[in-house]
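J.: Show me how the following folds:
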Amino acid sequence: MIHFILLFSRQGKLRLQKWYTTLPDKERKKITREIVQIILSRGQRTSSFIDWKELKLVYKRSASWILSLILKRLILSWMSLSSVEKFRKRPRNLLSKPLKILICYRRQWKNT
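T.: Next comes the predicted model:
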């Protein structure tokens, strides 16, 4: 199960967030800030999987932004990374509209 999706720049500016769990805004901001800080502090050659609290962070770095999925630990890591990789390979005109990415992702996720 996906808890939320974050799309942010390498400078740490949040571009898009989609939450599938209900949390208060204050808690969301705190979690978002913490996750962005964790991912940005990691090196280029480190693993794209992070065990964080009772969840798993899966992220993929691309040109100037980072797409991250926050999942339950039970979901297979390689499946989630391949999903992130598919979105990274989309044409630039699709990536310029991050909302379309989430729509495509939800369709793909329902089909699997």
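J.: where does the chain dip in pLDDT?
T.: Scanning the chain with the threshold set as pLDDT under 70 gives 74-112.
J.: now do 50
T.: 91, 94-95 (pLDDT under 50).
J.: Are there helices or strands packed against the helix ranked longest in the chain, and which ones?
T.: If you go by DSSP state H, the chain has its longest helix at helix 25-41. Judged by 3 or more Cβ pairs under 8 Å, 6 or more residues apart in numbering; DSSP states H and E, the packing partners of helix 25-41 are strand 2-9, strand 14-19, strand 49-52, strand 55-61, strand 65-72. Glycine gets a C-beta too; all of them are placed from N, C-alpha and C.
J.: Recalculate using a threshold of 6 Å.
T.: Taking 3 or more Cβ pairs under 6 Å, 6 or more residues apart in numbering; DSSP states H and E as contact, there are no helices or strands that helix 25-41 lies on.
J.: Run the angle between that helix and strand 65-72 for me.
T.: 120 degrees (axes from the mean of the first three to the mean of the last three Cα atoms, to 10 degrees).
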